[in-house]
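In: Fold the following and give me the result.
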Amino acid sequence: MKDLSYYKSLIYRMEIEYDEDEHLYFVTFPDLPGCMMHGGTSNEALNLANEVKDEWLAAAYENGWRIPEPSRHQETTGRLTLRVPRYIHKKIMETAEKEGVSQNQLLLSFISEKLAYK
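Out: Numbering: from 1, shown residues only. Purely as a prediction, here's the structure:
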């Protein structure tokens, strides 16, 4: 196992969300299970979260827990390759032509509509 200073030097991804019911900002570290903090302002929550992260890492290290390294997220290119059956491709082509848009524009609008409801 690497030493504690190694883990403390790593940059772990943080996620911050505002809870309207509690009027608090919550910060979590997706790579560190159970490591979270809250604060009345986003700055307060972020500052406290960094302290809690160091405490979480120290406790994990002292107890011999496996400490995950930060996950690496893939870069997005904006390019997606998708294979579809010929009959679906034909419907996409016909619908795009009828709508007066490209196939890419048509599919992007379909995907955007679906994702907007999540």
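
In: Give the rounded mean pLDDT of the lengthiest helix in the chain.
Out: Ranked by residue count and defined by DSSP state H, the top helix of the chain is helix 42-62. Helix 42-62 carries an average pLDDT of 93.

In: buried residues in that helix?
Out: 45, 49, 52-53, 56-57, 60-61 (16 or more other CB atoms under 10 Å). Just so you know, the C-beta spots here come from the backbone N, C-alpha and C atoms, and that holds for glycine as well.

In: List of residues touching it?
Out: The contact list for helix 42-62 (CB atoms under 8 Å, 6 or more residues apart in numbering) reads 1, 4, 7-8, 12, 14, 16, 18, 24-27, 29, 32, 34-39, 65-67.

In: just to revisit the earlier point, would you format the buried residues of helix 42-62 as a markdown table with distance to residue 95 included?
Out: A markdown table is the format used below for the buried residues of helix 42-62 (distance: CB to CB, whole Å):
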| residue | distance to residue 95 |
| --- | --- |
| 45 | 46 |
| 49 | 47 |
| 52 | 51 |
| 53 | 49 |
| 56 | 51 |
| 57 | 53 |
| 60 | 53 |
| 61 | 57 |
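
In: For these, name the two members farthest from one another.
Out: 45 and 61 (24.2 Å; CB to CB).
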